[in-house]
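J.: Here's my sequence, what's the structure:
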Amino acid sequence: AKQDKNGVGRPTDSSIAKFAWGLDCEWKPGRDYGRDNPVATLQLSTRYRAFLVDVQKICRTSAVGDGDDLTDEEVLLSRALTTLFGDAAVTVLGFGVLQDLDKLAASFQHLKCFTLYRGVVDLQLVSNVVSGRRGNIRSSLQKMAPDR
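T.: As a prediction, this is how the structure comes out:
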């Protein structure tokens, strides 16, 4: 990574390709677009591997008091994701990834790993800039890709 004038690392194209993790979340749809439904699955991928995490099975979605301990599974998941998301060399990217991260944090408020991340690229925002669209226009990667 290149460094700026303050000595802070900035990702380069090659480091993004090497250290990028794709992130996507799914939840049960509803009339309110699933607003009240917690995240069901967390999908993480690198260039070479993909991981599907059933977060509803692993994590509690109900309110957890300050004195409550995390389950063993929650501790393991939280440690792994804190390491991943907290690494300045890692870029987390996805289409609408900011919405996904917000939904994760709201679904599992007792897991701080869903609020601590260093580098995020939301491809939806990038596509809006590239296409000249303004505002929060819903689209998809498939709609952006040229027909083959």
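
J.: make it CA atoms for all contacts and neighbour counts henceforth
T.: Will do.

J.: Kindly list the single helix or strand of this structure that scores lowest on mean pLDDT.
T.: strand 2-3 (a mean of 48; mean pLDDT, DSSP states H and E).

J.: which regions of the chain lie under the pLDDT threshold?
T.: For the chain, residues meeting the criterion pLDDT under 70 lie at 1-18, 32-35, 62-68, 134-148.

J.: Show the residue spans covered by the strands in it.
T.: 2-3, 9-10, 20-27, 39-45, 50-54, 91-94, 120-122 (DSSP state E).

J.: how about TSV for the ones you listed, with mean neighbour count added?
T.: Formatted as TSV, the strands of the chain follow (neighbours: other Cα atoms under 10 Å):
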stretch	mean neighbour count
strand 2-3	10
strand 9-10	14
strand 20-27	20
strand 39-45	18
strand 50-54	13
strand 91-94	22
strand 120-122	18
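
J.: ok, and for the longest helix seen in the chain, which residues are buried?
T.: Taking DSSP state H as the criterion, the chain has its longest helix at helix 72-86. Across helix 72-86, burial judged by 16 or more other Cα atoms under 10 Å covers 74, 77-78, 81-82, 84-86.
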